[in-house]
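Q: any chance you can model this:
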Amino acid sequence: MLRRLLASGGSVSAIFVLACASATRPAPERVLLAPVAFDQRLDAELAQGVTPVREEMKSVLEARGFQVLAPEVVAFAEVWTDATQDVGRVRTARGSLDRALLGAASRALLEGYRARGEALDVVLLGFFEVRLVQVRGWTASWDGVDRSIRADRKIWQRYSGFWPNDRDAPCLSLRVLAYDAEGTLLFDRPGGLEVVSEFIPARLEELPRQDLFEQRAFVREGVEIAIAPLRRD
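A: Residues are numbered from 1 along each chain as shown. Here you go, the predicted model:
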């Protein structure tokens, strides 16, 4: 289930941010937005988030003045496969991302699009990651966001201060890696999205949420945090 992502490099304890452009490098204008989670096998709860997260990423980028190429999965996969055949696996045996190999793959990917007539400056690769976050005061805080947990409000007063407070709840983030046309890592940054479980304190029960991604404001907030370093100004 969702815990598989925890075992495949989903724990992100630090944010790595590099400058998007040096003093002599022109600001990027054209962005290749890869399909979200394109190399991940997702459970139904998370799979339903691919489209809204992608839409919000495209919207934020365009609002910042970027020209965005956002190919569909099938079209992207064709170019990606050609680009990575000389690179090899971009994940380690334990499932975590290899940033160096991703850089080589990104360079080849942008070269592949250039051969197809698309001159692009930056590629954004977005992945879903789930990690356990301790609940405090009915709230989980991670990767720049605070989210109230879903619980039966009728019994909050009775159980206030107890379960699931101090419990580790699975929390979802969007992790974005940005590479330039030379395969140089510009930034590697997560933005928190949502707590993926809801809780029934009366029965000490934790269940998968069925309404993930319905609050677009939460999706957009996480997206904006994840791609914050990429700006044209």
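
Q: and the gap between the nearest residue to residue 207 once chain neighbours are set aside and residue 135?
A: Distances taken as CB to CB, 6 or more residues apart in numbering put residue 198 closest to residue 207, at 5.5 Å, once the chain neighbours are dropped. Yep, even glycine has a C-beta here, placed from its N, CA and C like the rest. Computed as CB to CB, to the nearest Å, the residue 198 to residue 135 distance reads 12 Å.

Q: would you map the strands across the chain?
A: 16-17, 30-33, 67-69, 122-134, 139-142, 145-148, 150-151, 168-180, 185-195, 197-200, 205-208 (DSSP state E).

Q: out of the ones you listed, which gets nearest to residue 94?
A: strand 122-134 (13.7 Å; CB to CB).

Q: parallel or antiparallel, which strands does that closest one pair with?
A: Strand pairing for strand 122-134, using DSSP bridges, gives strand 30-33 (parallel), strand 168-180 (antiparallel).

Q: sorry, back to before: so for residue 221, which of the strands of the chain sits nearest?
A: Nearest of the strands of the chain (CB to CB): strand 145-148, 6.1 Å.

Q: report the buried residues of stretch 142-149.
A: 142, 143, 144, 145, 147, 149 (16 or more other CB atoms under 10 Å).

Q: circling back: mind listing the shared neighbours of residue 198 and residue 135?
A: Listed as contacting both residue 198 and residue 135 by CB atoms under 8 Å, 6 or more residues apart in numbering are residue 149.

Q: compare neighbour counts for these two and give me the winner.
A: residue 135 (23 against 18; other CB atoms under 10 Å).

Q: where does this structure have low pLDDT?
A: Scanning the chain for pLDDT under 70 picks out 1-26, 153-161, 233.

Q: name whatever forms a beta bridge with the residue nearest to the spatial centre of it.
A: Geometric centre of the chain, nearest residue: residue 174, 1.8 Å, by CA atoms, centre = their mean. Assessed by DSSP bridges, residue 174 has beta-bridge partners residue 128, residue 191.
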